[in-house]
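1. Only the shape, not the letters, is given here:
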């Protein structure tokens, strides 16, 4: 999932945890589309929590059978 400006590609590993009965983000990976480093400031601007919600919405639209 690219950032709004296209400068950072984000990969999220989100799984449903039956014990906690909620979705849990196990891994967040961010890579610069230019091959450079991703700064802490760039990560703050990405608002990871909103990306997780978007990822879950996109995943449910594809009918993958999440609880």
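-> All right, it came through fine. Everything numeric here is computed off the predicted structure, so don't read it as measured data.
2. Only C-alpha atoms from now on, for both contacts and neighbour counts.
-> Noted.
3. Next, the residue lying closest to residue 8 once chain neighbours are set aside: phi, psi?
-> Nearest residue to residue 8 in three dimensions, chain neighbours excluded: residue 32, at 4.5 Å (CA to CA, 6 or more residues apart in numbering). Per-residue torsions, residue 32: phi -70, psi 140 (degrees, to the nearest 10).
4. Would you mind measuring from residue 32 to residue 22?
-> For residue 32, the distance to residue 22 equals 30 Å [CA to CA, to the nearest Å].
5. Which of these two has more residues huddled nearby?
-> More crowded of residue 32 and residue 22, by other CA atoms under 10 Å: residue 32, with 17 against 10.
6. Please identify which helix or strand holds residue 30.
-> strand 22-32 (DSSP states H and E).
7. Give me the pLDDT for the residue lying farthest from the centre of the chain.
-> Most distant residue from the mean C-alpha position of the chain: residue 19, 21.8 Å away (CA atoms, centre = their mean). pLDDT for residue 19: 94.
8. still on that earlier bit, which ones are touching the residue nearest to residue 8?
-> Applying CA atoms under 8 Å, 6 or more residues apart in numbering to residue 32 gives the contacts 7-9, 38.
9. Also residue 37?
-> residue 31.
10. Geometric centre of this structure: which residue is closest?
-> residue 12 (3.8 Å).
11. Quick one: neighbours of residue 41, just the number.
-> Residue 41, neighbours per other CA under 10 Å, totals 8.
12. just residue 52 next, same as before
-> By other CA under 10 Å, 19 other residues sit near residue 52.
13. just the one 4 residues further on next, same as before
-> By other CA under 10 Å, the residues close to residue 56 number 14.
14. still on that earlier bit, buried ones in the strand holding residue 30?
-> Buried positions in strand 22-32, judged by neighbour count with 16 or more other CA atoms under 10 Å: 30, 32.
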